[in-house]
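A.B. asks: Sequence first, predicted coordinates after that:
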Amino acid sequence: MGPGFAGLLSDFFPLFVKALRETKQEISGIQFQGHTSSYWKVGDEEADTYLENMKLSVARAQAALQFCLDLKRVAPNRPWLTQRLVSAGFSDSKPIVDQDNQEDQARSRRVSIAVNVD
């Protein structure tokens, strides 16, 4: 995880958790979703590329989740969070594309956070 993303998460995630805790909706899950670009190594089989990118996307999601859970500012909310946090990898199945339907490889390498509301 780069320092820019770590700084963003350090500032954002505690405020995000506070807002979720204050909502009147029942939050049943918070999913960290890892994504990759479609690039791997030239010449690799498509299935191999997908599986290697799956490993990378899972690791990316888990690293972001762990980083957020370890933040001192969310420590009072850890019991609540550990009942709701999950991570998932999407490999290269949801790329970011431009208006010409060309993949933006840098933006496709990301972590998103989804909230499940009951």
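C.D. replies: Noted; the coordinates are in hand. Numbering: from 1, shown residues only.

A.B. asks: where does the protein dip in pLDDT?
C.D. replies: For the chain, residues meeting the criterion pLDDT under 70 lie at 41-44.

A.B. asks: Do you have the strands of it handy? List them.
C.D. replies: Under the criterion DSSP state E, strands of the chain are mapped to 27-35, 85-89, 110-117.

A.B. asks: Paired strands for the first one, with orientation please.
C.D. replies: Yep, that's strand 27-35 we're talking about. strand 85-89 (parallel), strand 110-117 (antiparallel) (DSSP bridges).

A.B. asks: possible to save these as JSON lines with distance to residue 20 and mean neighbour count?
C.D. replies: (Each C-beta comes from the backbone N, C-alpha and C, glycine too.) Listed next are those as JSON lines, based on distance: least, CB to CB, whole Å; neighbours: other CB atoms under 10 Å:
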{"stretch": "strand 85-89", "distance to residue 20": "11", "mean neighbour count": "17"}
{"stretch": "strand 110-117", "distance to residue 20": "7", "mean neighbour count": "14"}
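
A.B. asks: can you tell me which of the ones you listed comes nearest to residue 19?
C.D. replies: Ranking the strands paired with strand 27-35 by proximity to residue 19 (CB to CB) places strand 110-117 first, at 10.0 Å.

A.B. asks: Tell me which residues are up against the closest one.
C.D. replies: With CB atoms under 8 Å, 6 or more residues apart in numbering as the test, strand 110-117 has contacts from 5, 16, 20, 25-35, 60-61, 64, 96.

A.B. asks: try it again with 7 Å
C.D. replies: Residues outside strand 110-117 that contact it (CB atoms under 7 Å, 6 or more residues apart in numbering): 20, 25-35, 60-61, 64.

A.B. asks: Also stretch 8-20?
C.D. replies: Applying CB under 7 Å, 6+ apart, the external contacts of stretch 8-20 come out as 27, 64, 67, 68, 71, 73, 74, 77, 81, 115.

A.B. asks: Please repeat the previous calculation with a cut-off of 6 Å.
C.D. replies: 27, 68, 73, 74, 77 (CB atoms under 6 Å, 6 or more residues apart in numbering).

A.B. asks: How about stretch 68-76?
C.D. replies: 9, 13, 14, 17.
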